[in-house]
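Chemist: Sequence first, predicted coordinates after that:
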Amino acid sequence: MIVKVLGSAAGGGLPQANCNCRNCADVRAGRPGLSPRTQSSLAVSGDGKQWLLLNASPDIRQQINATLELAPPPGSGMRASPIAAVALTNGDVDHVAGLLSLREGLSFTLYASKRVLEALAANSIFNVLSSRHVTRVALPLEERIAVGGGLAIEAYAVPGKVALYLEDASDGFGTREGDSIGLEISDRVTGAAFHYIPGCAAVDASLAARLHGARLVLFDGTLYTDEEMIAQGLSEKTGQRMGHISMSGAQGAKVGSMAAFATLGVERRIYVHINNSNPVLREGSPERAAVERAGWEIAYDGMEIRL
């Protein structure tokens, strides 16, 4: 099974268009130790021919053009694509906006939770994905389904938050179970499997049990500290308010992912969906050193993993 990181950044990418934080300013200036990053998305294949995209970021056209395996195969006709399916982990704009770039008659199957599919159906702009070409399939929770190319998906609920544009005034902003899901992608031939969880608010007992002993987990790396964006003057929201667990933190309600994973025995741990404010993006930073000491890797655009 081949896993390619198409984009490793959170919403806005690095640099973000309207952001002048230290990371964004330095990457624009070409200072060493920082690399530009597009918004979070993966591509997975069991046979190297048919590909499954995990989330469709606003940068998906750029990401496809940068990935030769996702180009139309030679001699395949005037309209062709090896992209056979797209699976969404939530309804966030940085995970669904790229669907609009997959129009023009591209045929694929779209997998998402029932609620996310309902949100897409309620917005007429997504009608550009004609039912003649795009089949929409609701992902059941806790059930493994075949998705073509020798792959299977099992979706499961993870602690999180409803997409910003779907929030209401109720407690929890109207969040329901399944608004954020994790995906276990498995190769039906070899049995190799990994977990993709780009948005998660906490590692609760259920999630910890599911991930225990996993071979590979690509996990939410949005922020290093819960109040990171507030401290930098970038937002009034904490990570928890946005539905994201922080990397650091070891006590009470602010146990971070490094501490939460410390006893899970996960063989390989990789942070994805990393916000432009996060100091781990800087090679040589104390924060980067801390996550690497804890056994984590920082994903980058173009990273390839083979299982």
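Modeler: The structure has been received and is ready for your questions. Owing to the predicted nature of the structure, the values given are computational and were not obtained by experimental measurement.

Chemist: rest of the way, CA atoms for contacts and neighbours
Modeler: Noted.

Chemist: Model confidence score at the residue of the chain most remote from its centre, please.
Modeler: Counting by Cα atoms, centre = their mean, the extreme residue of the chain relative to its mean C-alpha position is residue 75, 32.3 Å from that point. Model confidence at residue 75, expressed as pLDDT, equals 82.

Chemist: Phi, psi for it please.
Modeler: Here is the backbone geometry of residue 75 (degrees, to the nearest 10): phi 80, psi 10.

Chemist: So that it lines up with my notes, have the first residue be 22 from now on.
Modeler: Yes, from this point I'll number from 22; that puts the last item at residue 96.

Chemist: in the protein, which spans are strands?
Modeler: For the chain, the strands defined by DSSP state E cover 23-28, 62-66, 72-75, 104-108, 129-133, 155-159, 165-169, 172-178, 202-208, 214-218, 237-241, 289-293, 317-319, 325-327.

Chemist: any chance of those in CSV, with mean neighbour count too?
Modeler: Listed next are those as CSV, based on neighbours: other Cα atoms under 10 Å:
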stretch, mean neighbour count
strand 23-28, 23
strand 62-66, 26
strand 72-75, 25
strand 104-108, 23
strand 129-133, 22
strand 155-159, 16
strand 165-169, 17
strand 172-178, 22
strand 202-208, 24
strand 214-218, 20
strand 237-241, 22
strand 289-293, 22
strand 317-319, 18
strand 325-327, 13
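
Chemist: which of those strands has the lowest average pLDDT?
Modeler: The lowest average pLDDT among the strands of the chain, as it happens, falls on strand 165-169, at a mean of 92.

Chemist: Give the full set of residues in contact with the residue nearest the centre of the chain.
Modeler: When the chain is reduced to its mean C-alpha position, the nearest residue by Cα atoms, centre = their mean turns out to be residue 219, at 3.7 Å. When contacts are counted by Cα atoms under 8 Å, 6 or more residues apart in numbering, residue 219 is found next to 61, 110, 203, 239, 240, 241, 242, 293, 294.

Chemist: what do you get if the cut-off is 6 Å, keeping everything else the same?
Modeler: Under the criterion of Cα atoms under 6 Å, 6 or more residues apart in numbering, the neighbours of residue 219 are 240, 241, 294.

Chemist: How about residue 181?
Modeler: So, once contact is read as Cα under 6 Å, 6+ apart, residue 181 ends up touching 201, 221, 222, 264.

Chemist: quick one: which of these is nearest residue 174?
Modeler: Proximity of these to residue 174, judged by Cα to Cα, is greatest for residue 201, which lies at 15.3 Å.

Chemist: from what I can see the closest one touches residue 112, true?
Modeler: No. Contact between residue 201 and residue 112 fails when scored by Cα atoms under 6 Å: they sit 8.2 Å apart.

Chemist: The two - which one has more neighbours?
Modeler: Set side by side, residue 201 and residue 112 give different neighbour counts by other Cα atoms under 10 Å, the larger being at residue 201 (29 against 26).

Chemist: For that one, give its distance to residue 303.
Modeler: 28 Å (Cα to Cα, to the nearest Å).

Chemist: Could you do residue 173 as well?
Modeler: Note on residue 173: its distance to residue 303, by Cα to Cα, is 35 Å.

Chemist: ok, now residue 160?
Modeler: If you measure residue 160 against residue 303 using Cα to Cα, the figure is 37 Å.

Chemist: Looking at the two, which is more packed in?
Modeler: Neighbours of residue 160 and residue 303, each counted by other Cα under 10 Å, are more numerous for residue 160; the result is 23 against 18.

Chemist: and the more buried one, what does it touch?
Modeler: Contact criterion Cα under 6 Å, 6+ apart gives 132, 133, 134 as the residues in contact with residue 160.
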